[in-house]
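*Asks:* what follows is a predicted structure for the sequence shown.
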Amino acid sequence: MSDISLEQWAASLAAELGLEPDAVDVEQVLDLAADAAHGIVRPAAPLTTFLVGLAAGRAGAKDADVADAVARAEALIDRLGEE
């Protein structure tokens, strides 16, 4: 197993994908994944984070686009969790 930290991995992967090293808020992604895993089903975590990233990218990839996509996903998780 590698000794690379999660933050180092995120920065390395971002660079590999042609993104800025600080392109991702690791805590925000992990919180969203945890909410999806616990509020929906465990496999929803990676799917949710991927779809939120895809939606934010298609919307323009600005900080506000990411925040909007995360907020919409969180709201849906909350609504479905109440059912």
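*Replies:* On my side now, so go ahead. This one's a predicted model, so the numbers in the text were calculated from it and none came from an experiment. Residues are numbered from 1 along each chain as shown.

*Asks:* hmm, who's touching stretch 55-71?
*Replies:* Applying C-beta atoms under 8 Å, 6 or more residues apart in numbering, the contact partners of stretch 55-71 are 25, 28, 32, 52-53, 72. (Glycine included, C-beta is placed from N, CA and C.)

*Asks:* mind exporting the top helix by length along the chain as CSV, just the C-alpha atoms?
*Replies:* Scanning the chain for the helix with the most residues, using DSSP state H, yields helix 63-82. Taking Å, rounded to 0.1, in the frame of the first residue of the first chain, the C-alpha atoms of helix 63-82 are listed here in CSV:
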residue,chain,number,x,y,z
ASP,A,63,-17.0,27.4,-7.7
ALA,A,64,-20.7,28.4,-7.8
ASP,A,65,-21.5,25.6,-10.2
VAL,A,66,-19.9,23.1,-7.8
ALA,A,67,-21.7,24.6,-4.8
ASP,A,68,-25.0,24.4,-6.7
ALA,A,69,-24.5,20.8,-7.7
VAL,A,70,-23.5,19.7,-4.2
ALA,A,71,-26.5,21.6,-2.7
ARG,A,72,-28.9,20.0,-5.1
ALA,A,73,-27.5,16.5,-4.4
GLU,A,74,-27.7,17.1,-0.6
ALA,A,75,-31.3,18.3,-0.9
LEU,A,76,-32.2,15.2,-2.9
ILE,A,77,-30.5,12.9,-0.4
ASP,A,78,-32.4,14.7,2.4
ARG,A,79,-35.8,14.4,0.6
LEU,A,80,-35.3,10.8,-0.2
GLY,A,81,-34.0,10.0,3.2
GLU,A,82,-37.3,11.3,4.7
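
*Asks:* quick one: low-confidence ranges for the protein?
*Replies:* 1 (pLDDT under 70).

*Asks:* do a quick rundown of the helices in it.
*Replies:* 6-16, 26-39, 44-59, 63-82.

*Asks:* so how far is stretch 4-19 from its chain's centroid?
*Replies:* Relative to its chain's centre, stretch 4-19 lies at 14 Å (C-alpha atoms, centre = their mean, to the nearest Å).
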